[in-house]
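K.L.:
Pasting the sequence and the predicted coordinates here, then a few questions.
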There are 2 protein chains.
Amino acid sequence: MSYFRPNIEALSGYVPGEQPQTSGFVKLNTNENPYPPSPKALEAIRRAASERLRLYPDPVATAFRNAASEALGVPADWIVACNGSDDALTILTRACLSSDDLLVAPTPSYGLYRVLADIQGCRFEQRDWTPGGGLSEDFCRGAKLAMVPNPNSPTGTMVRPEELLELARRSEGLLVVDEAYVDFADRSCVPLVAECERLVVTRSLSKSYALAGARFGFLVAQPHLAATFLKVKDSYNTDAVSIAAAAAAILDREHFEATRAKILATRRRLEGALADLGFDVTPSHANFVWARRKTPLEPVYRGLKDRNILVRYFRYERHGEGLRISVGTDSEIDQLLAALREML
Amino acid sequence: MSYFRPNIEALSGYVPGEQPQTSGFVKLNTNENPYPPSPKALEAIRRAASERLRLYPDPVATAFRNAASEALGVPADWIVACNGSDDALTILTRACLSSDDLLVAPTPSYGLYRVLADIQGCRFEQRDWTPGGGLSEDFCRGAKLAMVPNPNSPTGTMVRPEELLELARRSEGLLVVDEAYVDFADRSCVPLVAECERLVVTRSLSKSYALAGARFGFLVAQPHLAATFLKVKDSYNTDAVSIAAAAAAILDREHFEATRAKILATRRRLEGALADLGFDVTPSHANFVWARRKTPLEPVYRGLKDRNILVRYFRYERHGEGLRISVGTDSEIDQLLAALREML
């Protein structure tokens, strides 16, 4: 007898992008923010480094819920604080998916969805994007849970929030819109959660708030659903330090807007320069750019890595290959472009 | 159709002890350490409050694994860092338990085990302690996973590590020894993990290291099992700040020993004083005391609460009721005893 479930024995775990623990890399592979977090968040962490850490944290992270409520304009009890948005996605699968149930996700998209289905031991189906980068009317058909990154990774494309609302209305199960990158786009589904209880949104503070190291995300759902997700999460899933940091970060709109503006400007420049180098660049709504090319890209990925420049190489069976390049600082992007000019 | 699984609809979530977010309470209800964490841990947190938080943390918390390896004398790859030991228990249930599988735990013990079984949607069985506070030879019978807190909560009793090793040897599934409180006892099962691959130990930094607010725990398993648990955990389940704090804390043996000695001395005094007040006190190996009485205890719990003194009241269908009183500072225990003398 194995000690593990058959689906766990068979599981290929999720492989995150490389996280070298040494410096000296131009790190454009995991969509981290090239700018520091809000000074107010860092100050909140220093303040939290106190005797009070001997006490358990607030199980529902009230300070963060109130701050996020103020920043996003949804009631606090619609918000469930999570240990990164991966924790939110885990809670959703554990709450909704039994072994006969179906999780659907578009392809290509975030590779974690399949891993979560495999861990849960439920059915999983990938459904193609339409040629225009949208989702077909029956995208959610038969699914207890559908997960759609919006903007999508690795392509950076975006579906209009109203279309997602329409899909949720037509669905029997929940439609989870994974908005890890939405702060680099123009519109969010959060204001639409009130329109349909089957629309659930997950968010991350890793990218737009530059707090990947602090692990903080949340989900937004109508309160009767949020109450069930609270039952399923680990009792103390977020810690006192990150609650304080996240609450301070989400209220510092000035820092957020300034960082965002710099990233969007650099993204425009990166898109143009890659096109000039002969890449087929998908217009991005995220903090990365999806670049494809007629000639093989794996050697380009490796050549960049040899120069200590990390980008992410993805290859899909039916959708070909591409490089997902995070939007770094202007100087990092200059180094990337210089290396590409040398190689191509 | 419900959006949730039937077991989730039916779930009574775990109810942690009260966590008032205001001060003014003598808080003896959730077994927090009354003394502050290591100053080195607090300094590590302040140092971690840097620009580097924009980066993802080390997915496997190498700095902590190395520190724990040094402190505990087991190889680093036997250690899986977790977001509190509740995360470790969650990972174990997700890795091992399908719907037909059985989780067993002794009763009375930690109420979370049942909740984890209910979330996983597997079978759950509580098995009585023997009258002497031990476990019968066939305790693990039929179980894919058995969970035993050692020392136990709420009773503070302890099973000898060799007996647990013997149970693991006789088991078909894994025996998880939950050592959240072991630092207040004399012996751990960690050195025995090498003797039998079915013995897995979970640990917490919440109590003995006074880091409940930071959420950090870990599990110890033979490395081929640890590798599977790594696949199942969230990719970035621990954050950069708590990794730094936990690594510093576990290496500060001097602070650990000094705090532990104070708590053990106060525990002795509390046990004696409660016995003098007519309580039936179970000799404790943890940082709390289990106190029973011939007369009803719920009014005592309420009377203490009216005086802003929080203790935990447990009532079991077949095992009666008791108060679980955390070992606070000497001054907190004096306040508790004064209140009890007034009330009884």
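P.N.:
Arrived safely, thanks for sending.
K.L.:
residues touching A:G24, list them.
P.N.:
Each residue near A:G24 by C-beta atoms under 8 Å, 6 or more residues apart in numbering or on different chains is listed here: A:N308. Yep, even glycine has a C-beta here, placed from its N, CA and C like the rest.
K.L.:
any idea how far it is from A:E298?
P.N.:
Computed as C-beta to C-beta, to the nearest Å, the A:G24 to A:E298 distance reads 23 Å.
K.L.:
Would you state the strands of the stretch 151-300 of chain A in chain order?
P.N.:
For the stretch 151-300 of chain A, the strands defined by DSSP state E, counting those that start in this stretch cover A:174-178, A:199-204, A:217-220, A:280-282, A:288-292.
K.L.:
Let me see the mean pLDDT of the fourth one.
P.N.:
This means strand A:280-282. Strand A:280-282 carries an average pLDDT of 97.
K.L.:
what residues does the stretch 101-250 of chain A put near chain B?
P.N.:
Residues of the stretch 101-250 of chain A lying close to chain B by C-beta under 8 Å from any C-beta of the partner chain are A:101, A:112, A:119, A:121, A:144, A:172-174, A:198, A:206, A:210-215, A:225, A:228, A:230-232, A:234-242, A:245.
K.L.:
Now which of those residues would you call buried?
P.N.:
A:101, A:112, A:119, A:121, A:144, A:173-174, A:198, A:206, A:210-215, A:225, A:228, A:230-232, A:234-242, A:245 (16 or more other C-beta atoms under 10 Å in any protein chain shown).
K.L.:
Tell me which of those fall in helices.
P.N.:
Members of those lying in helices (criterion: DSSP state H): A:L112, A:I119, A:L225, A:T228, A:L230, A:K231, A:V232, A:A240, A:V241, A:S242, A:A245.
K.L.:
which other residues reach the helix or strand hosting A:Q335?
P.N.:
A:Q335 is part of helix A:330-343, with elements assigned from DSSP states H and E. By C-beta under 8 Å, 6+ apart, the residues outside helix A:330-343 that reach it are A:26, A:28, A:34, A:266, A:269-270, A:273-274, A:277, A:300, A:303-304, A:307, A:309, A:311, A:325, A:327-328.
K.L.:
try it again with 10 Å
P.N.:
Counting contacts by C-beta atoms under 10 Å, 6 or more residues apart in numbering or on different chains, the residues outside helix A:330-343 that touch it are A:25-28, A:34, A:262, A:265-267, A:269-270, A:273-274, A:276-279, A:289, A:291, A:299-300, A:303-304, A:306-309, A:311, A:323, A:325-329.
K.L.:
List only buried entries from these.
P.N.:
Buried members of the contacts of helix A:330-343, scored by 16+ other C-beta under 10 Å, are A:25-28, A:34, A:262, A:266-267, A:270, A:273-274, A:279, A:289, A:291, A:300, A:304, A:307, A:309, A:311, A:323, A:325-328.
K.L.:
where along the stretch 51-200 of chain A do the helices fall?
P.N.:
Listed from the start of the chain, the stretch 51-200 of chain A has helices (DSSP state H, counting those that start in this stretch) covering A:62-72, A:85-96, A:112-120, A:161-170.
K.L.:
Can you redo those as TSV, where the extra columns are mean pLDDT?
P.N.:
Listed next are these as TSV, based on pLDDT from 0 to 100:
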stretch	mean pLDDT
helix A:62-72	98
helix A:85-96	98
helix A:112-120	97
helix A:161-170	98
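K.L.:
out of the ones you listed, which comes closest to B:R46?
P.N.:
Taking C-beta to C-beta as the measure, the helices of the stretch 51-200 of chain A were each checked against B:R46, and helix A:62-72 came out nearest at 19.9 Å.
K.L.:
Mind listing what's buried along the closest one?
P.N.:
By neighbour count, with 16+ other C-beta under 10 Å as the criterion, the buried positions of helix A:62-72 are A:A63, A:F64, A:R65, A:A67, A:A68, A:S69, A:L72.
K.L.:
and of those, the nearest to chain B?
P.N.:
A:A63 (8.3 Å; C-beta to the nearest C-beta).
K.L.:
okay, now the closest residue to the closest one other than its chain neighbours: neighbour count?
P.N.:
With C-beta to C-beta, 6 or more residues apart in numbering or on different chains as the measure, A:A247 is the residue that lies nearest to A:A63, at 4.7 Å, once sequence neighbours are left out. Around A:A247 there are 25 other residues, counting by other C-beta atoms under 10 Å in any protein chain shown.
K.L.:
you'd agree A:A247 is up against A:R65?
P.N.:
Yes: counting by C-beta atoms under 10 Å, A:A247 does reach A:R65; the two are 8.7 Å apart.
K.L.:
got any residues that touch both of the two?
P.N.:
Common neighbours of A:A247 and A:R65, counting by C-beta under 10 Å, 6+ apart, are A:A81.
K.L.:
So which residue is dead centre in chain A?
P.N.:
What sits nearest the mean C-alpha location of chain A, by C-alpha atoms, centre = their mean, is A:A180, with 3.1 Å.
K.L.:
May I have the residues that are in contact with that residue?
P.N.:
Contact criterion C-beta under 10 Å, 6+ apart gives A:31, A:84-86, A:88-89, A:110, A:149-151, A:153, A:202-208, A:217, A:286-287 as the residues in contact with A:A180.
K.L.:
try 7 Å
P.N.:
For A:A180, the contact set (C-beta atoms under 7 Å, 6 or more residues apart in numbering or on different chains) comprises A:S85, A:P149, A:S204, A:K207.
K.L.:
The first one reaches A:V200, doesn't it?
P.N.:
This means A:S85. No: counting by C-beta atoms under 7 Å, A:S85 sits too far from A:V200 to count as a contact (11.7 Å).
K.L.:
out of the strands of the stretch 151-300 of chain A, which comes closest to A:A48?
P.N.:
Closest of these to A:A48 is strand A:217-220, at 18.4 Å (criterion: C-beta to C-beta).
K.L.:
Given that closest one, what are its sheet partners and their directions?
P.N.:
Strand pairing for strand A:217-220, determined by DSSP bridges: strand A:79-82 (antiparallel), strand A:199-204 (antiparallel).
K.L.:
Looking at stretch A:205-219 now, give me its mean pLDDT.
P.N.:
Stretch A:205-219 shows a mean pLDDT of 98 in the predicted model.
K.L.:
Distance from that stretch to the middle of the chain?
P.N.:
Per C-alpha atoms, centre = their mean, to the nearest Å, the displacement of stretch A:205-219 from the mean C-alpha position of its chain is 9 Å.
K.L.:
And for stretch A:248-259?
P.N.:
19 Å.
K.L.:
Run through who's touching that stretch.
P.N.:
Among residues not part of stretch A:248-259, those counted as contacts by C-beta under 7 Å, 6+ apart are A:33, A:35, A:37-38, A:40-41, A:44, A:67-68, A:70-71, A:205, A:208-211.
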